[in-house]
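> Structure for this input, please:
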Amino acid sequence: MPKTQPEKDNKGSEADRAPETAAQRRARRAQFLRDLMEARALRDRVQPRRARAARMRQQMRMRTFRW
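Numbering: from 1, shown residues only. The predicted structure is shown next:
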């Protein structure tokens with residue numbers, strides 16, 4: 001089966017790049033979280049019964065949680 005991502009070259013291509021700054025890391029993380037929320041919203045739209053069951057489970061979890 002073909003690989004979807006090219007393999008990384010172990011000859012220093014990673015070491016040539018400067019280390020990632022905190023701002024770059026935060027931006028990358030924010031983009032990931034946006035994509036994740038979009039994927040969850042799409043799943044909720046196409047599987048409403050499963051989404052409703054998940055909401056009910058979460059509500060029950062919150063009701064039984066003790067501080």
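
> In the protein, what helix or strand scores lowest on average pLDDT?
Ranked by mean pLDDT, DSSP states H and E, the weakest helix or strand in the chain is helix 13-16, scoring a mean of 59.

> Give the residue spans of this structure that score low on pLDDT.
1-16, 67 (pLDDT under 70).

> Try it again at 80.
In the prediction, the chain carries residues with pLDDT under 80 at positions 1-17, 66-67.

> Show me the helices in it, by range?
For the chain, applying DSSP state H gives helices covering 13-16, 22-46, 48-64.

> want to throw these into JSON lines with mean neighbour count?
In short, each C-beta sits where N, CA and C put it, glycine included. Output for the helices of the chain, formatted as JSON lines (neighbours: other Cβ atoms under 10 Å):
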{"stretch": "helix 13-16", "mean neighbour count": "8"}
{"stretch": "helix 22-46", "mean neighbour count": "10"}
{"stretch": "helix 48-64", "mean neighbour count": "10"}
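
> list the contacts for E20?
Contact analysis of E20 by Cβ atoms under 8 Å, 6 or more residues apart in numbering lists R28.

> how about it, phi and psi?
phi -70, psi 130 (degrees, to the nearest 10).

> quick one: it from R28, how far?
Using Cβ to Cβ, to the nearest Å, E20 is found at 8 Å from R28.

> Between the two, which contacts overlap?
Counting by Cβ under 8 Å, 6+ apart, nothing touches both E20 and R28.

> What separation is there between the residue sitting nearest the centre point of the chain and Q47?
Nearest to the mean C-alpha position of the chain, by Cα atoms, centre = their mean, lies L36 at 4.3 Å. To Q47, L36 is 16 Å away according to Cβ to Cβ.

> And for R17?
Taking Cβ to Cβ, one finds R17 at 40 Å from Q47.

> Neighbour count: the two, which is higher?
Q47 (12 against 8; other Cβ atoms under 10 Å).

> Phi and psi next, for that one.
Here Q47 shows phi and psi, under degrees, to the nearest 10, equal to phi -130, psi 70.
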